[in-house]
Structures are given as C-alpha cells and as structure tokens.
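A.B. asks: can you look at this prediction? I've put the sequence above it.
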Amino acid sequence: MPVDQLLDEATRIADALLDVQTRVNAQIDAALTDLLPGVQQRLGAAPSGDVDVSDLGNARITGLSVVVTPAAVATVVPLSAESATTTRDARRATTAIVGGADDRLAVIAGPCSIHDPAAALEYAAFLADMRARHGADLEILMRTYTEKPRTEVDWKGFAYDPFLDGSSRISVGLVATRMLMGRITALGVPVAAEPLNALTPQYVDGLVTYNGVGARNVTDQTARERVSGFSSVVGFKNSPEGSVDVAIQAVLTARAPHEFLGVDHHGVSAQLSTTGNDTGHVILRGAKDGPNYSAAHIAATKRALAARGLPEVVVVDASHGNSQKDHRRQVDVVRDLAGQVAGGEQAIRGVMIESNLVAGRQDLDRRHPERLEHGKSVTDACVDLGTTEELLAELAEASRARRAA
Ligand SMILES: O=C[C@H](O)[C@H](O)COP(=O)(O)O
Ligand SMILES: C=C(OP(=O)(O)O)C(=O)O
C-alpha cells in the first residue's frame, strides 16, 4: 500500500512540531532548574537528590517521548472557514434536534473506525450527496472514529497507530486526525467522534459536532467531567451489559458544572471549570444478550428518563448489541426505528449506522497492512453504500411522516 498522501504530510508536520516541542521542553527544564532551588530554600524543603528513588518510579515504563501539543497542531493545521461553518451549523442543528426545536432526525453514519484517510474521504463525498438529497428531513453526520475502545488487546485506532503496523506514531495520528476531520468538514459533512482519551479532544477542537461516549467508558467519572465542558453535542451509550441507568447517570453528571484536573492547549496541567452540557442524552446500543431498540424498550427508557427529570430523548445505535454485531441486522433495526418514527414516536431523535464503502469486515494483520481490502472495516462489520442509501431514504420518509402527523 503506498503511504497515503495525507499521512505523508501529517508525518512531515509532526516531525517539525516534535523538533520545536523538544526545544521548548528543554527550555522549561532549564527554567525549572533555575527557579526551583530558590523556592526549595525559601520553604526550607529538603534538597532533592539526597535519596536514591530511581527504583520506585516508572518501573514499567519503557518509553516516554515528547508529543505534539494541541496548540502547535492547531497553529499549523488551522480550521478553514468552510470547516468552521460546517461545525457551527451542524452543532446548532443537532442541538435543536436533540432539544426538540428541529423536527428532523439526526443520522450518524460511517465506518466503525477510520483506518484509511483516502477511503474516509471517498465515504465523506457519498455523505455530502446524501446530505444534499435529504437535508429537509435528516441531519446527517459522519462517524469519524479515530480512537477505538477494545474489549481486549487489539489495534486502538488511527489516532494511535496511523500506519496500522504497530509503529504507534501517536503524534502523526493526532495531526492526521485533525487534517482528515478538516477535509471532511470542508466538504460540508459534519463529524461525529468518540472521545476516548482525556487529551485527544483538544487536538480536534472546533471540528466535532457530536461526541458519543462509548459503552465501555460511560461510568468513568473523568469522561463525564470532560464532556460537561464540550462545545459539541454529547451522547452516552448504555453499558455493554445493557444498563441504561448508567447512561442516565452519565447524562445527569455531564449536565452539571464540574471542577477537575486536565491539561491546557499547551499540554500543561490545568484546573478546568465547566458549565455542564445540556445536550447530553442516552444512546441505546443494545447489549451482549440482546437488543434494546423496540417500542417497548423506548417506552421503558422514556419512563426512566422522566423519573430522573430528564427530557424523553434517545438516539439509537443500529449496530453493536442492537445488531448483535451482524451488519445485515442493522437493516432490520433501522426499519423498525423508521416504523416507530413514522408512527409518531417523538423521543427518537437520532439513529447511528455503521457503514462503509464495502460491506462486512476484515482482520487487520499489522505485519501486512498493505493486504487490506479498500473501504472495508477493520473493526466491526458495516453495511455498504447501497444499503446505506436505502436506509437513509427510509429514515427520511419516516421523518416526513412524523412531521405530517
Ligand atoms: O465499535 C467497535 C467495537 O465494538 C468496539 O471497539 C469493541 O471492539 P472489540 O470487541 O472488537 O475489541
Ligand atoms: C465502540 C463503539 O460502540 P460501543 O461503545 O457501543 O461498543 C462505537 O460506536 O464505535
């Protein structure tokens, strides 16, 4: 596989920024070496270095290397006017859909994971057409997931291992992710992502319209705190075991303001203070033991939300537990949801579909990433473009029917 042009450019940018950051870090070290002994003396603290503690720290760390900072990446890969307009408009529209002021349906469609920028851009061009066709009824966003939460040890996504070969050039992955999201939004297609790591969201500032906190992270206090300050719309999946309660608890937690520890855009430790995010809602993704998209499940979720004083709003993921990871079953799920929407169900505000250029999935052999089939998922199986086109048409029709009713 020839190295993708975008990855080539991302590598050049990352290398140049790493050089700058190495020099900045040396200056910080020098300043601290200069200033701290005086402080130590004033405070009467024992001089460091007297006791050998080298065996007590970093016992299992085999590498600690500099990475590019969000501020540096944003300077070299700035947001274009087109991208800013796409994100601004789509955040406004998706917020209005979740809040009930816009009667269209949000659809978050796209690959389970991004692994090939060229294929991702091909997919984005398809969605740009679909947005033009269905704009009156649907607000379509592209799943641009570059971080993957894994059940066990596996490839963790494009942001962490962009060359798919275990070289794990995280700085390149972060730059490439920002460049890719920039190109997708420049086509007029808004981006949806999963904010898996505490630091990654800052690298894509201004580019993400919708963040879905995944099933494996929904109980994580630090994830809930972070999204309480996100500028994007945020959803929380039910747990892999099927608990919707933990997603409701996450919505309540993220709606509140928080004080917590994070980093600023230079990567320096900072205390963050947030307003709380009132776009928070539950995403029903089914469970290992079965789906939770039926009318009965939606009704139960509405009751549970109302009992906690929350608006009756859900997004439904047609994949994962709801399809039992069989991509063909996404068709049945979407058809059922379209029926519920057409029948007047107001709580369903969005649908998530895992879709790619080619149907199904393939295993990634990191010794031979060049053997991958173009446009086919390397994580969960996806439906293809033709099926996606049909499903979007059915959802658009359902959205029209609900409006007419
Ligand atoms: O969405 C993708 C997967 O379901 C999720 O990342 C878990 O993947 P795994 O069980 O294949 O590790
Ligand atoms: C990992 C995902 O889903 P879930 O958290 O529902 O397993 C996903 O949507 O990519």
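C.D. replies: Here it is on my side, so go on. Residues are numbered from 1 along each chain as shown. Ligands and ions are numbered 1, 2, ... in the order given.

A.B. asks: quick one: low-confidence parts of this protein?
C.D. replies: 1-3 (pLDDT under 70).

A.B. asks: who in it is up against ligand 2?
C.D. replies: Taking CB under 6 Å from any ligand atom as the criterion, the neighbours of ligand 2 within the chain are C112, Y145, P149, E194, G214, A215, R216, K237, R285, H320. In this view, the C-beta of every residue, glycine as well, is placed from N, C-alpha and C.

A.B. asks: my guess is Y203 contacts V73, does it?
C.D. replies: Yes: between Y203 and V73 there is a contact under CB atoms under 8 Å: 5.7 Å.

A.B. asks: between those two, which contacts overlap?
C.D. replies: Listed as contacting both Y203 and V73 by CB atoms under 8 Å, 6 or more residues apart in numbering are L174, R178.

A.B. asks: point me to the residue of this protein nearest ligand 2.
C.D. replies: G214 (3.0 Å; CB to the nearest ligand atom).

A.B. asks: what's the neighbour count on that residue?
C.D. replies: By other CB atoms under 10 Å, 22 other residues sit near G214.

A.B. asks: quick one, what contacts it?
C.D. replies: P149, E194, L196, K237.

A.B. asks: pick the one among these closest to R92.
C.D. replies: E194 (21.9 Å; CB to CB).

A.B. asks: tell me how many other residues crowd the closest one.
C.D. replies: Neighbours around E194, by other CB under 10 Å: 24.

A.B. asks: and for whatever residue of the stretch 201-350 of the chain ends up closest to ligand 1, the neighbour number?
C.D. replies: Here the stretch 201-350 of the chain gets closest to ligand 1 at one residue, H320, 5.7 Å apart by CB to the nearest ligand atom. Neighbours of H320 under the rule other CB under 10 Å: 25.

A.B. asks: ok, it touching K288?
C.D. replies: No: the criterion here is CB under 8 Å, and H320 misses it with K288 at 9.5 Å.

A.B. asks: now do the contacts for M179.
C.D. replies: Per CB under 8 Å, 6+ apart, neighbours of M179: L6, E9, A10, V77, P117.

A.B. asks: er, D205 I mean
C.D. replies: Neighbours of D205 in contact, by CB under 8 Å, 6+ apart: P70, A74, H265.

A.B. asks: contact partners for the last one?
C.D. replies: With CB under 8 Å, 6+ apart as the criterion, the residues that contact H265 are T69, P70, A71, A74, Q202, D205.

A.B. asks: follow-up on the earlier one: just the buried subset of the contacts of M179, written out for ChimeraX, thanks.
C.D. replies: One line in ChimeraX is enough to select the buried members of those, burial here meaning 16 or more other CB atoms under 10 Å:
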select :6,10,77,117
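
A.B. asks: out of the contacts of M179, which is nearest to L357?
C.D. replies: Among the contacts of M179, and counting by CB to CB, the member closest to L357 is P117, at 13.0 Å.

A.B. asks: hang on, the earlier thing: next, format the contacts of D205 as TSV and append secondary structure.
C.D. replies: TSV is the format used below for these (DSSP: H, G, I helix; E, B strand; the rest coil):
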residue	secondary structure
P70	helix
A74	helix
H265	coil
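
A.B. asks: so which of the residues you listed is the closest to T185?
C.D. replies: A74 (14.3 Å).

A.B. asks: the closest one: neighbouring residues, count only.
C.D. replies: Using other CB under 10 Å, A74 has 17 other residues around it.

A.B. asks: ok, now D384?
C.D. replies: Counted with other CB under 10 Å, D384 comes out at 16.

A.B. asks: contact partners for the nearest residue to S273 once chain neighbours are set aside?
C.D. replies: The shortest distance from S273 to any non-neighbouring residue, by CB to CB, 6 or more residues apart in numbering, is to E259 (5.5 Å). Neighbour list for E259: Q271, L272, S273, T274 [criterion: CB under 8 Å, 6+ apart].

A.B. asks: most surrounded residue in those?
C.D. replies: For the contacts of E259, the largest number of neighbours (other CB under 10 Å) sits with T274, at 18 neighbours.

A.B. asks: and the gap between that one and A71?
C.D. replies: Look at T274 and A71: by CB to CB, to the nearest Å, they are 20 Å apart.

A.B. asks: mind listing the helices for the protein?
C.D. replies: Counting by DSSP state H, the chain has helices at residues 5-43, 70-76, 81-99, 117-134, 170-186, 221-227, 245-255, 295-307, 329-342, 385-404.

A.B. asks: can the residues of the chain next to ligand 2 go into JSON lines with extra columns for distance to I248?
C.D. replies: As requested, those are exported to JSON lines (distance: CB to CB, whole Å):
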{"residue": "C112", "distance to I248": "25"}
{"residue": "Y145", "distance to I248": "24"}
{"residue": "P149", "distance to I248": "20"}
{"residue": "E194", "distance to I248": "19"}
{"residue": "G214", "distance to I248": "16"}
{"residue": "A215", "distance to I248": "14"}
{"residue": "R216", "distance to I248": "17"}
{"residue": "K237", "distance to I248": "12"}
{"residue": "R285", "distance to I248": "14"}
{"residue": "H320", "distance to I248": "18"}
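
A.B. asks: returning to what we had before: could you measure from the residue of the chain closest to ligand 2 over to E390?
C.D. replies: Applying CB to CB to G214 and E390 gives a distance of 27 Å.

A.B. asks: ok, now A128?
C.D. replies: In this view, A128 and E390 are 18 Å apart by CB to CB.

A.B. asks: go on, S355?
C.D. replies: In terms of CB to CB, S355 sits 11 Å off from E390.

A.B. asks: give me the more crowded residue out of the two.
C.D. replies: Ranked by neighbour count (other CB under 10 Å), S355 and E390 place S355 first, with 30 against 14.

A.B. asks: OK, contacts around the more buried one?
C.D. replies: A109, G110, P111, Y123, C382, V383, D384, L385, T387, T388 are the contacts of S355 under CB under 8 Å, 6+ apart.

A.B. asks: 10 Å instead, please
C.D. replies: 107, 109-112, 123, 126-127, 142-143, 318-319, 327, 330, 377, 382-385, 387-389, 391-392 (CB atoms under 10 Å, 6 or more residues apart in numbering).

A.B. asks: Throw together a ChimeraX command that grabs the buried residues out of the residues you listed.
C.D. replies: Buried members of those, defined by 16+ other CB under 10 Å, are picked up in ChimeraX with:
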select :107,109,110,111,112,123,126,127,142,143,318,319,327,330,377,382,383,384,385,387,388,391,392
